[in-house]
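Engineer: only geometry, no sequence info:
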């Protein structure tokens, strides 16, 4: 297997990597980093950049991820990072509908009043290869007797629900997909485990927005300190992540400076996105690349010197074009009329489906659970 090479196109920003950790016993761990979801964007809190922290973070990974042996270099993964959004009315990429029972109301944009559905008619076309079409039946069979785990913030939950619906399309009797403890998925803030009974597969979500413990300050702390974050530990939910076949970290909170500093800042404060009806076409209008991305990219490369095999997949570039894919003002029923627009999460079906397709394509290229 070869590491994904960064694009040689000068106009492209620094990679926002999805990191794939591969083991010979065919267990995989995925970590998301970048503008939208980033598991080590805690670099924001260090001034100047603390390179020693990266080493400590690597030791934290070793608590969860077992040793990885480098696979054969004959496996080459397509670089899906760069390309363009293509309108495809004849074969729209929609893989499920809003009637999927596993969607939160806040992601059902049409049911919340959005009239246009053009945002669903775009598919991502990589520059130098084709994106593998998602095959739910095949993925379920490959994942039989396994665990797919999402851990992180609400963007991760957005993607978790997307994958649930994508996989559920291959199950005729939806009653055979259920939460193992009988918990409803809407507005749940702990952890949820959805079992696909026919495949003995669980697709799990653990709410840990910062991936590390967040608690109250000590008694002798300054009055300006309202919350503490323990950077040398993983969240207490992490004991449940051990043994996952696919582990997806998401922690976009680290990229919200306001929230990192104040903690009580709203995730969708400010901004309007309801006027966008199609993907952005001018790269000049994209957000600038986060200054910490080079540090993150280098940190992941350093992890290769350990017993882990890491590959990068940049989803920042493809996602930055999709201002049209947010719920914006079409939020769930009961939301006050003067509430801020949601320009953080994504309508479903929508952009997170493409993220899951990229994961699917990369796992397939790596021979995920191949016989």
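Structural biologist: Received the coordinates, thanks. Please read all numbers here as calculations on a predicted model, not as lab measurements.

Engineer: quick one, what contacts the residue nearest to residue 96 when sequence neighbours are not counted?
Structural biologist: Spatially, and ignoring its direct neighbours in sequence, residue 96 is nearest to residue 165 (4.2 Å; Cβ to Cβ, 6 or more residues apart in numbering). Every C-beta, even on glycine, is put in place using the N, C-alpha and C of the backbone. Contacts were defined as Cβ atoms under 8 Å, 6 or more residues apart in numbering; by that measure residue 165 touches 95-96, 100, 102-103, 348-349.

Engineer: got JSON lines for those, with pLDDT and secondary structure too?
Structural biologist: Listed next are these as JSON lines, based on pLDDT from 0 to 100; DSSP: H, G, I helix; E, B strand; the rest coil:
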{"residue": "95", "pLDDT": "89", "secondary structure": "coil"}
{"residue": "96", "pLDDT": "95", "secondary structure": "coil"}
{"residue": "100", "pLDDT": "95", "secondary structure": "coil"}
{"residue": "102", "pLDDT": "95", "secondary structure": "coil"}
{"residue": "103", "pLDDT": "94", "secondary structure": "coil"}
{"residue": "348", "pLDDT": "96", "secondary structure": "coil"}
{"residue": "349", "pLDDT": "96", "secondary structure": "coil"}
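
Engineer: pull out the buried residues from the host helix or strand of residue 124.
Structural biologist: Using DSSP states H and E, the element containing residue 124 is strand 122-126. By neighbour count on 16 or more other Cβ atoms under 10 Å, the buried set for strand 122-126 is 122-124, 126.

Engineer: about what we covered before: which of the contacts of residue 165 ranks first by neighbour count?
Structural biologist: residue 348 (29 neighbours; other Cβ atoms under 10 Å).

Engineer: go ahead and confirm that one touches residue 105.
Structural biologist: No: counting by Cβ atoms under 8 Å, residue 348 stays clear of residue 105, with 10.8 Å between them.

Engineer: just the contacts of residue 165 now: which is nearest residue 242?
Structural biologist: residue 102 (25.0 Å; Cβ to Cβ).

Engineer: grab the nearest non-local neighbour of the closest one.
Structural biologist: Excluding the flanking residues, the one nearest residue 102 by Cβ to Cβ, 6+ apart is residue 164, at 4.2 Å.

Engineer: the one you found against residue 194, yeah?
Structural biologist: Yes: at 5.9 Å, residue 164 counts as touching residue 194 under the criterion of Cβ under 8 Å.

Engineer: joint contacts of those two?
Structural biologist: Common neighbours of residue 164 and residue 194, using Cβ under 8 Å, 6+ apart, are 102, 177, 203.

Engineer: and residue 182, that one's in a strand?
Structural biologist: No: following the definition DSSP: H, G, I helix; E, B strand; the rest coil, residue 182 is coil and is not counted among the residues of a strand.

Engineer: what about it, how many neighbours?
Structural biologist: Counted with other Cβ under 10 Å, the neighbours of residue 182 add up to 6.

Engineer: returning to what we had before: which of the buried residues of strand 122-126 sits closest to residue 148?
Structural biologist: Using Cβ to Cβ, residue 124 comes nearest to residue 148 of these, at 21.5 Å.

Engineer: list the beta-bridge partners for that closest one.
Structural biologist: residue 85 (DSSP bridges).

Engineer: low-confidence ranges, the stretch 101-250 of the chain, go.
Structural biologist: Per-residue confidence for the stretch 101-250 of the chain (pLDDT under 70) gives these ranges: 187.

Engineer: quick one, strands of it?
Structural biologist: If you assign secondary structure with DSSP state E, counting those that start in this stretch, the strands in the stretch 101-250 of the chain sit at 122-126, 147-152, 177-179, 191-196, 201-207, 214-215, 228-229, 246-250.

Engineer: each with direction, which strands does the fourth one pair with?
Structural biologist: Right, the one you point to is strand 191-196. Strand 191-196 sits in its sheet next to strand 177-179 (antiparallel), strand 201-207 (antiparallel), going by DSSP bridges.

Engineer: and the last one, by the same measure?
Structural biologist: Pairing partners of strand 246-250, with direction, according to DSSP bridges: strand 28-32 (parallel), strand 147-152 (parallel).

Engineer: could I get the strands of the stretch 101-250 of the chain as JSON lines with distance to residue 78?
Structural biologist: Shown next, in JSON lines, are the strands of the stretch 101-250 of the chain (distance: least, Cβ to Cβ, whole Å):
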{"stretch": "strand 122-126", "distance to residue 78": "6"}
{"stretch": "strand 147-152", "distance to residue 78": "21"}
{"stretch": "strand 177-179", "distance to residue 78": "30"}
{"stretch": "strand 191-196", "distance to residue 78": "27"}
{"stretch": "strand 201-207", "distance to residue 78": "24"}
{"stretch": "strand 214-215", "distance to residue 78": "38"}
{"stretch": "strand 228-229", "distance to residue 78": "37"}
{"stretch": "strand 246-250", "distance to residue 78": "19"}
